Structure formats: structure tokens, C-alpha cells
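Colleague: Sequence and predicted structure, then a few things I'm wondering about:
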Amino acid sequence: MSYKVLLLNGSPHVKGCVATAFDEIIKVLNSEGLETEVIQVGSKNIKGCVACGYCHKNGKCVVDDLVNEVAAKFEEADGLIVGSPVYYGSPNGTILSFMDRLFYSTRFSKHMKVGAAVVSARRGGNTASFDVLNKYFTISGMPVVSSTYWNQVHGFTAEDVKKDLEGLQVMRNLAHNMSFLIKAINDGKEKYGLPTVERGASTSFPDGK
């Protein structure tokens, strides 16, 4: 069986720090038999969600751009990695707008697809950005891939990141773990089926109590 992982690069730099981290991940995933595809998001003009409700009626976002194109690939993928540089202690605004619309506008189940976040900073802000990106996975029933440290690299340039030997090691371990999880989940699906998902309850306390 073949497996595929999508990697979303939220940096405006095609060959920058995030791409350098991705290169390390891709080498391992490919060596373990997984197909990979990098999609450059950070250099695109991505609008934010305007809560128009179009996607609930039509199954796709009203803005027919890269989001809808990636949505079809995401539905078929076994894993998703989203990478972002840190801007003002948070992920790049472009990748956040993209992720908001990608997850909100798609109706297909993401349950047991495997997700991972990768962040890059010169010094600080990595862990805060890492937490933000992981929330997309944890509200969607997606197992989150960990490593031997937070999934982060440090550097101001791609050449800096290449000197972050621990960060690159974390990327390789992340890739090994993702490969294992994807294969193990698919084996478990064949043997046990997917976990039951309850739906319907929605707490809002409209009576104010």
C-alpha cells in the first residue's frame, strides 16, 4: 500500500528555513516508502475566512484558490505537515488564513489522518507558534506527531538552520514517527476499524445557567 504526506510551507521563502527543515523530513519519509508533496503557501495571496457559509452548502470555499486545490489532495492524503516561520511570536498570517479556510470549508472526515507542525525562528516564539498550529489537528481527530523535542529549528537563514544539528535531528525523528504512525493506523484500521466518533452534542448554555 502507498501512503502520501502533504507538506504545507507557510514561509514566503521557497528555499528558506522551513524548506530546509522540510528537506530533512522528506528524505526520511521517502526512504521509508512514503510519497511526499510540498505545497508553497506562504508566497500566495490567501484571503481569510469571511464566515459566509458558502462551504456548508457547496462543499468548498467560495474563494476558488489554492485552498480548494489542496482540499482535494488533503482528502486523499494520509498525513499533513504544516510549517511556518515565527512572526511576532505567532505563525505567518498567510498560513493561518489558509489553515482556517482549509479545515473549516472541508466536510470530509480528517479522523485518524496524521498531523504535524514544524516551526522556525531565529530565537523565540517557536513553542507558542507550535501550539497554535497543533490546534487544527486536535479538534479534528488527527493524531499529532511528536519527536525528541518540540518540532522546531532555529536560524535566520537556511544556512543557519543547517547548523542547527539538534533541530535537524528532531526533524528526522519526527519523520520516522510519522511514518510509523501512518502505517500502524492503517494496519489497525484493517484489524479493528476506526474508533467510534460521537456527534450531536453542542454546549452553548443559551439559558445563561
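Modeller: Cool, got the structure.

Colleague: Give me the pLDDT for the closest residue to Cys61 other than its chain neighbours.
Modeller: Counting by Cβ to Cβ, 6 or more residues apart in numbering, Ser105 is the residue found nearest to Cys61 once chain neighbours are left out, at 4.1 Å. Every C-beta, even on glycine, is put in place using the N, C-alpha and C of the backbone. pLDDT recorded at Ser105 is 97.

Colleague: Buried residues in stretch 83-90, which are they?
Modeller: The neighbour-count check on stretch 83-90 (16 or more other Cβ atoms under 10 Å) flags Gly83, Ser84, Pro85, Val86, Tyr87, Ser90 as buried.

Colleague: just stretch 134-151 next, same as before
Modeller: Across stretch 134-151, burial judged by 16+ other Cβ under 10 Å covers Asn134, Tyr136, Phe137, Ser140, Met142, Pro143, Val144, Val145, Ser146, Ser147, Asn151.

Colleague: can I get those in JSON lines with distance to Val41, pLDDT and secondary structure?
Modeller: Shown next, in JSON lines, are the buried residues of stretch 134-151 (distance: Cβ to Cβ, whole Å; pLDDT from 0 to 100; DSSP: H, G, I helix; E, B strand; the rest coil):
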{"residue": "Asn134", "distance to Val41": "17", "pLDDT": "98", "secondary structure": "helix"}
{"residue": "Tyr136", "distance to Val41": "13", "pLDDT": "98", "secondary structure": "helix"}
{"residue": "Phe137", "distance to Val41": "17", "pLDDT": "98", "secondary structure": "helix"}
{"residue": "Ser140", "distance to Val41": "18", "pLDDT": "97", "secondary structure": "coil"}
{"residue": "Met142", "distance to Val41": "18", "pLDDT": "98", "secondary structure": "coil"}
{"residue": "Pro143", "distance to Val41": "23", "pLDDT": "98", "secondary structure": "coil"}
{"residue": "Val144", "distance to Val41": "20", "pLDDT": "98", "secondary structure": "strand"}
{"residue": "Val145", "distance to Val41": "19", "pLDDT": "98", "secondary structure": "coil"}
{"residue": "Ser146", "distance to Val41": "23", "pLDDT": "97", "secondary structure": "coil"}
{"residue": "Ser147", "distance to Val41": "22", "pLDDT": "98", "secondary structure": "coil"}
{"residue": "Asn151", "distance to Val41": "17", "pLDDT": "98", "secondary structure": "coil"}
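
Colleague: distance between stretch 106-125 and the chain's centre?
Modeller: Relative to its chain's centre, stretch 106-125 lies at 3 Å (Cα atoms, centre = their mean, to the nearest Å).

Colleague: In that stretch, which residues have enough neighbours to count as buried?
Modeller: Neighbour-count burial for stretch 106-125 flags 106, 110, 112-121, 125 (criterion: 16+ other Cβ under 10 Å).

Colleague: one step back: I'd like the buried residues of stretch 83-90 laid out as TSV, including secondary structure.
Modeller: Formatted as TSV, the buried residues of stretch 83-90 follow (DSSP: H, G, I helix; E, B strand; the rest coil):
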residue	secondary structure
Gly83	strand
Ser84	strand
Pro85	strand
Val86	strand
Tyr87	strand
Ser90	strand
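
Colleague: nearest to Gly193, of those residues?
Modeller: Lowest distance from Gly193 to the buried residues of stretch 83-90 (Cβ to Cβ) belongs to Gly83, with 32.1 Å.
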